[in-house]
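Q: This is a predicted model, with the sequence first.
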Amino acid sequence: MEAYSSQRDITRHLLETKNDRPEGESAAEQVLLGFKPRKGGFRTIPFIIVNESFEKVGSNGLAPNMILYMLNDYQMDVTNATIILFMWSALASGLVLVGSFLSDSFLGCFNVIALGSSLAFLGMALLWLTSMNPRLKPPPCNPLSSSCTSATIPQLIFFLSSLVFISIGVGCIRPCSMAFGVDQLGEKNNPNNNKIQSFINWYYASIGISSIPAMTVVIYIQDQNGWKVGFGF
């Protein structure tokens, strides 16, 4: 039975179901058996917005300098690095459809967001490991002989798998965050629901605000302090 959050809702429900109440069951018994404390609500909105903001900081902060990481640390040529960067962006955008389908048909918004957040964190951790462990990428080029060693197949698989996990995480988080927030506020068909309007305003504002440090602070740290600090940050 649907949970009711106010005394007015409880009274209205008892009056509407007076004739449908099983014989011998009092109104007090129905309240005790049928009404449960409401979960969610406006208190969950900050967590939803912060999670979406972190996703934007992580994805937007990695993309601009990723081609430099592939060119300088993995000794890729410009063509291959550009193709990988394009495929990474396309995969993240395409998986949004998969994430929304899983949310609507099978798992629900909360489970898809939890799965996406875990996979995105895993992908960023693997990417950070490529900068920390020299065995996960080719050795630096020899400046005297101008010879460079290409990355091995296992090294490329490890690097590309980190990008795939990030893309899956993005595809799960982006289509579900707003819908999940609206579900917490209820009355989705009420055009005068100020809570939903306020949430949508703050949701889009957080996307814009989080993109600013992602495109400035994170990139500056990567340039000035190296990939180990930049990816870990």
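A: On my side now, so go ahead.

Q: Every contact and neighbour count from this point should use C-alpha atoms.
A: Noted.

Q: Against V112, how distant is S118?
A: Distance of S118 to V112, computed by Cα to Cα, to the nearest Å: 10 Å.

Q: Which of these two has more residues huddled nearby?
A: Set side by side, S118 and V112 show more neighbours around V112, with 25 against 15, by other Cα atoms under 10 Å.

Q: Straight-line length of stretch 92-110, end to end?
A: 19 Å.

Q: any idea of the mean pLDDT in it?
A: The pLDDT scores in stretch 92-110 average 88.

Q: Could you do stretch 181-193 as well?
A: Taken as a whole, stretch 181-193 has a mean pLDDT of 67.

Q: quick check: longest helix of the protein.
A: If you go by DSSP state H, the chain has its longest helix at helix 153-185.

Q: Do a quick rundown of the helices in this protein.
A: Ranges of helices within the chain are 7-16, 27-34, 45-72, 78-102, 109-132, 153-185, 194-215, 217-232, based on DSSP H.

Q: what's the third one packed up against?
A: The helices and strands touching helix 45-72, judged by 3 or more Cα pairs under 8 Å, 6 or more residues apart in numbering; DSSP states H and E, are helix 78-102, helix 153-185, helix 194-215, helix 217-232.

Q: So what touches the shortest one?
A: What that stands for is helix 217-232. 61-62, 64-65, 124-125, 127-128, 131-132, 233 (Cα atoms under 8 Å, 6 or more residues apart in numbering).

Q: gap between it and the chain center?
A: 21 Å (Cα atoms, centre = their mean, to the nearest Å).

Q: okay, now N60: neighbour count?
A: By the measure other Cα under 10 Å, the count of residues near N60 is 19.

Q: Name all residues that make contact with the closest residue to it other than its chain neighbours.
A: Nearest in space to N60, with sequence neighbours left out and distances taken as Cα to Cα, 6 or more residues apart in numbering, is A214 at 5.8 Å. If a contact means Cα under 8 Å, 6+ apart, then A214 has 56-58, 60-61 as its contacts.

Q: any idea how far K137 is from A214?
A: 25 Å.

Q: Nearest residue to the residue nearest the centre of the chain in space, please, no chain neighbours.
A: By Cα atoms, centre = their mean, the chain has its centre lying nearest to I173, at 3.4 Å. Computed as Cα to Cα, 6+ apart, the closest residue to I173 that is not its neighbour in sequence is I113, at 5.0 Å.

Q: The one you found and A90, how far apart?
A: According to Cα to Cα, I113 stands 20 Å off from A90.

Q: Grab the nearest non-local neighbour of M132.
A: K228 (6.0 Å).

Q: Next, the buried residues of stretch 125-134.
A: Using 16 or more other Cα atoms under 10 Å as the test for burial, stretch 125-134 gives 126-132.

Q: Pass me the low-pLDDT residue ranges in this structure, would you?
A: For the chain, applying pLDDT under 70 flags the ranges 1-42, 143-146, 186-193, 233.

Q: one more time with 90, if that's ok
A: 1-81, 89, 92-93, 96, 100, 102-110, 117, 131-152, 171-233 (pLDDT under 90).

Q: Quick one: distance of stretch 106-118 to the chain centre.
A: Centroid separation for stretch 106-118 versus its chain: 9 Å, with Cα atoms, centre = their mean.

Q: err, stretch 120-133, not the other one
A: Stretch 120-133 sits 17 Å away from the centroid of its parent chain (Cα atoms, centre = their mean).

Q: any idea how far stretch 161-179 is from the chain center?
A: Taking mean C-alpha positions (Cα atoms, centre = their mean), stretch 161-179 and its chain are 5 Å apart.
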